[in-house]
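Trainee: Structure here, sequence nowhere to be found:
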């Protein structure tokens with residue numbers, strides 16, 4: 001009996017991961033588990049200026065921390081201490097094409113595989129999106145990723161084009177704090193009803209909030225960002241419920257601070273997605289990482305089996 005429609009949703013995830021990082025000695029090997037809970041609230045009402053929306057996504061993660069010594073024979077290790085966290089993943093106000101609040105940066109995008117890296121994280125933002133004719137979309141955002149550092153927001157823009165055959169998107173981002181910029185392009189193509197292709201290319205002038213990190217914040221301490229990267233995947237929709245893909249992404253001059261820190265990295269992986277029943281899906285990913293500084297190289301494997309129940 002009101003003019004507001006409220007949708008309550010969420011997600012429950014259980015994930016089993018494994019890593020054999022080989023020569024990446026600083027990274028923990030072995031098995032690990034993750035359980036995630038999300039609750040979403042989506043409220044919408046129509047106004048003379050378009051749809052007024054409020055969206056909230058609350059996320060909580062639980063993992064097992066590092067094992068601790070147990071007071072028993074042989075110095076065996078006890079089960080790990082729980083490592084739990086809960087936070088606001090998204091909090092967004094929208095009116096027509098105008099949006100503001102907290103969410104992933106407009107620059108955040110990648111391929112549909114699990115091996116690739118596209119750059120970007122959560123930010124506070126003000127954004128305007130314009131949907132033009134013929135599948136063209138334009139967006140511009142002012143984003144804040146630090147606190148009390150300066151008075152200048154970061155600026156991110158996007159131009160997108162989508163059709164039945166696929167699409168192309170181009171991003172540009174300027175980090176006002178680092179005074180560096182980054183650009184990214186992603187292209188998708190449906191070759192047939194079964195086979196699809198995806199490609200990604202990035203370039204950055206220097207280390208910034210929008211840098212592409214091939215180690216995803218882990219692995220080689222202090223090395224983030226790649227001067228440029230290029231990658232792609234080929235996939236197949238075997239059935240309406242089952243699809244798979246294989247691909248790779250190459251990162252050049254990771255760190256690009258000068259000196260011995262500059263290395264090249266290759267990431268490759270296979271991803272399989274299967275919808276068990278409606279709103280219950282499984283994903284299997286196996287990834288390979290190799291780093292080379294021109295003198296020595298290091299490589300390793302990691303992957304996960306994931307189950308998602310959405311509602």
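Mentor: Here it is on my side, so go on. Because the structure is predicted, anything quoted here is derived from the model rather than measured.
Trainee: The nearest residue to residue 95 once chain neighbours are set aside in helix, strand or coil?
Mentor: Closest residue to residue 95 apart from its sequence neighbours, by CB to CB, 6 or more residues apart in numbering: residue 52 at 5.2 Å. Bear in mind the C-beta positions are built from the backbone N, C-alpha and C, glycine included. Under DSSP: H, G, I helix; E, B strand; the rest coil, the three-state class of residue 52 is strand.
Trainee: Also the one 4 residues further on?
Mentor: Judged by three-state DSSP, the three-state class of residue 56 is strand.
Trainee: For the strand or helix carrying residue 265, name the packing helices and strands.
Mentor: Following DSSP states H and E, one finds residue 265 within strand 263-277. If you count contacts as 3 or more CB pairs under 8 Å, 6 or more residues apart in numbering; DSSP states H and E, strand 263-277 packs onto strand 242-254, strand 280-292.
Trainee: what bridges to the residue nearest to residue 95?
Mentor: Beta bridges link residue 52 to residue 45, residue 95, judged by DSSP bridges.
Trainee: Now for it: which residues touch it?
Mentor: Counting by CB atoms under 8 Å, 6 or more residues apart in numbering, residue 52 touches 44, 45, 46, 94, 95.
Trainee: next one: residue 179
Mentor: Shown in contact with residue 179 (CB under 8 Å, 6+ apart): no residues.
Trainee: quick one: it and residue 154, what's the gap?
Mentor: 11 Å (CB to CB, to the nearest Å).
Trainee: cool, residue 163 as well?
Mentor: 31 Å.
Trainee: who's residue 282 bridged to?
Mentor: Beta-bridge partners, per DSSP bridges, of residue 282: residue 274, residue 307.
Trainee: count of neighbours near the residue nearest to residue 299 when sequence neighbours are not counted?
Mentor: Of all residues not flanking residue 299 in the chain, residue 290 sits nearest, at 4.2 Å (CB to CB, 6+ apart). Residue 290: 16 surrounding residues under other CB atoms under 10 Å.
Trainee: Many thanks, we can stop here.
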